[in-house]
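Asker: give me a model of this one.
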Amino acid sequence: MKIQKVLAGDPENKRKFTLVEDLIKIRAILLRSTEANAKIQLRFPDSPTQESTAPRPDSDMPQNSQDVRDSQDSSDSEEEMEPTEKNLRGQIESIDEPNQLLTLFGFDETTEALLQEKLAEGKTADVLMVIFIPPQIVVSFKTTISLNEDGQIQVRCPRQIFQVQRRKYTRYTIPRGYEIEVAFRHPDDRETIVKHRLVDLAAGGLSFQITRAEKEKFEKGLYLKHMQLTLRGHPMIFDVEVQNQIPHRINAQTIGYKVGVRFRRIIEADIEYISSYILEHSFQYARLL
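Answerer: Alright, predicted model coming up:
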């Protein structure tokens, strides 16, 4: 069953969300989230953690318009948040279909410690889970979070989700196997040009890949001049400002970060070229799925 509604409190953009209760569609969305390295955000309610080892019989939807607005607010925020009990960021590692569980990873050390403490001794907690799926979709659902015997963080798969179109700009994730790089002067050594793999791209900005050791070099607010990017032989030069750092799987063994930046000085012709590139490649990639 599909139900279209207009988000309360959003008269200007008229963004819509779709209630999805078809379990096959939900499974497909969750699989896509895993394959696309989708980032997640966990939002804990104000109620205390429950002492219970029994799974909830049903994961349900946000029950009122405030829940919807809360999840929409979190989906629109591109800024990295401190690891508080309201905003914990990570990714989905795998799906255990027989047991209907999602295993999570990619939390920073502070968040990991907070969750391990909160879920110790068989405790579970209710959370609102928000999944950001490239290029421009967010899904949310209420569920239960717990630790398995190996200390991995898991949440129960939902029976209902709501799906929201998001972002002012469509964001295109560069598929694995395609190596596109951005080049710019090193923040600590202006004489050195460094190159980093492009992770995703939008008309408003992009993100690139760094290692854990490089994290401190790219703090929020850092201004990088004359970044270079070439798409299909079309060279572009622009200035950017760092907006966030999000845990990102570099390969099967290594987790680093992706640095999100916003364009600060770029010519209109290059914005149009990027928009055209994203539209064409998103369509081609979707046909292959």
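Asker: which strands and helices lie in contact with the longest strand along the chain?
Answerer: What stands out as the longest strand in the chain, according to DSSP state E, is strand 234-249. Counting contacts by 3 or more C-beta pairs under 8 Å, 6 or more residues apart in numbering; DSSP states H and E, strand 234-249 is packed against strand 88-96, strand 205-210, strand 223-231, strand 255-265, helix 268-288. C-beta: built from backbone N, CA, C; applies to glycine.
Asker: go with 6 Å
Answerer: strand 223-231, strand 255-265 (3 or more C-beta pairs under 6 Å, 6 or more residues apart in numbering; DSSP states H and E).
Asker: tell me the centre residue of this structure?
Answerer: For the chain, K39 is the residue whose C-alpha lies nearest the centre (C-alpha atoms, centre = their mean; 2.6 Å).
Asker: returning to what we had before: who does the longest strand of the chain pair up with?
Answerer: strand 223-231 (antiparallel), strand 255-265 (antiparallel) (DSSP bridges).
Asker: quick check: mean pLDDT across that strand?
Answerer: On average, the pLDDT along strand 234-249 is 94.
Asker: and it, how far from the chain's centre?
Answerer: Centroid separation for strand 234-249 versus its chain: 15 Å, with C-alpha atoms, centre = their mean, to the nearest Å.
Asker: buried ones in that strand?
Answerer: 236-249 (16 or more other C-beta atoms under 10 Å).
Asker: distance to P98 added to these, as CSV?
Answerer: Putting the buried residues of strand 234-249 into CSV (distance: C-beta to C-beta, whole Å) gives the following:
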residue, distance to P98
M236, 48
I237, 52
F238, 48
D239, 50
V240, 45
E241, 46
V242, 42
Q243, 39
N244, 36
Q245, 35
I246, 30
P247, 27
H248, 29
R249, 24
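Asker: tell me the one of these nearest L224?
Answerer: V240 (5.2 Å; C-beta to C-beta).
Asker: so who does that closest one touch?
Answerer: 224, 227, 261, 263-264 (C-beta atoms under 6 Å, 6 or more residues apart in numbering).
Asker: how much space separates the nearest residue to it once chain neighbours are set aside from D22?
Answerer: Leaving aside its chain neighbours, V240 sits nearest to V261 (3.8 Å; criterion: C-beta to C-beta, 6 or more residues apart in numbering). V261 sits 37 Å away from D22, going by C-beta to C-beta, to the nearest Å.
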